[in-house]
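Asker: return atomic coordinates for the entry below.
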Amino acid sequence: MTDNDKIVPFSGLKPLCARLRARSKRIVFTNGCFDILHAGHVKYLRKARDLGDVLILGLNSDSSVKRIKGPSRPIVSQEDRAAVVSSLGCVDHVVIFGEDTPARLIREIRPSVLVKGADWKVADIAGADFVKSYGGRVATVTLVKGRSTSDIVRKIKKSK
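Answerer: Predicted structure coming up:
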């Protein structure tokens, strides 16, 4: 499988997940912008992948990132961000989504484990109630202190 094969359209999620479940694979889902990939992202994604057999990453589209992070973001296009995160060995599949939350993706995927950073309260995680409703697990992963895209962007702006 090439890295490009890892990028899946929304329409391909149901058949993909059906094939994975037929092979008794435990599907883990996480999402985010991943605008400037850094060590904190990589460690987070590795920890998320360790919670199951297959990691599907929902990647916010450019328009979604702009609404969430502001008009100067994203810095890196969705195509480039998808190419970068899909090249990581711990990421099995990437799907780009345009909504502000991944709730629709989560309903389509029905992951065994839904993962977000520990900076999120479980009650505030989109899709958490849905995942718990069918016996799935919601997990939070400790983030690497001082490692965030927003911090990197602030440092760049400050140094100008």
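Asker: just the element for the most centrally placed residue in the chain, please.
Answerer: In the chain, the centroid-proximal residue (CA atoms, centre = their mean) is N31; its distance is 2.2 Å. Using DSSP states H and E, N31 maps to strand 27-32.
Asker: strand partners (parallel or antiparallel) of that strand?
Answerer: strand 54-60 (parallel), strand 113-117 (parallel) (DSSP bridges).
Asker: need the mean per-residue confidence for the longest one.
Answerer: When the per-residue pLDDT values of strand 54-60 are averaged, the result is 98.
Asker: do the shortest one as well
Answerer: If you average the pLDDT over strand 113-117, you get 95.
Asker: so what's the residue nearest to the residue nearest to the centre of the chain when sequence neighbours are not counted up against?
Answerer: Closest residue in space to N31, ignoring its immediate chain neighbours: G58 at 3.4 Å, by CB to CB, 6 or more residues apart in numbering. Quick note: C-beta positions are derived from backbone N, CA and C, even for glycine. Counting by CB atoms under 8 Å, 6 or more residues apart in numbering, G58 touches F29, T30, N31, G32, V95, I96, F97, P102, L105.
Asker: go again with 6 Å.
Answerer: Contact analysis of G58 by CB atoms under 6 Å, 6 or more residues apart in numbering lists N31, V95, F97, P102, L105.
Asker: same question, I27
Answerer: L20, V54, P111, S112.
Asker: adding neighbour count as columns, could you present these in a markdown table?
Answerer: Shown next, in a markdown table, are those (neighbours: other CB atoms under 10 Å):
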| residue | neighbour count |
| --- | --- |
| L20 | 20 |
| V54 | 20 |
| P111 | 26 |
| S112 | 21 |
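Asker: sorry, back to before: got a markdown table for the strands paired with strand 27-32, with distance to G70 too?
Answerer: Below are the strands paired with strand 27-32 laid out as a markdown table (distance: least, CB to CB, whole Å):
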| stretch | distance to G70 |
| --- | --- |
| strand 54-60 | 13 |
| strand 113-117 | 20 |
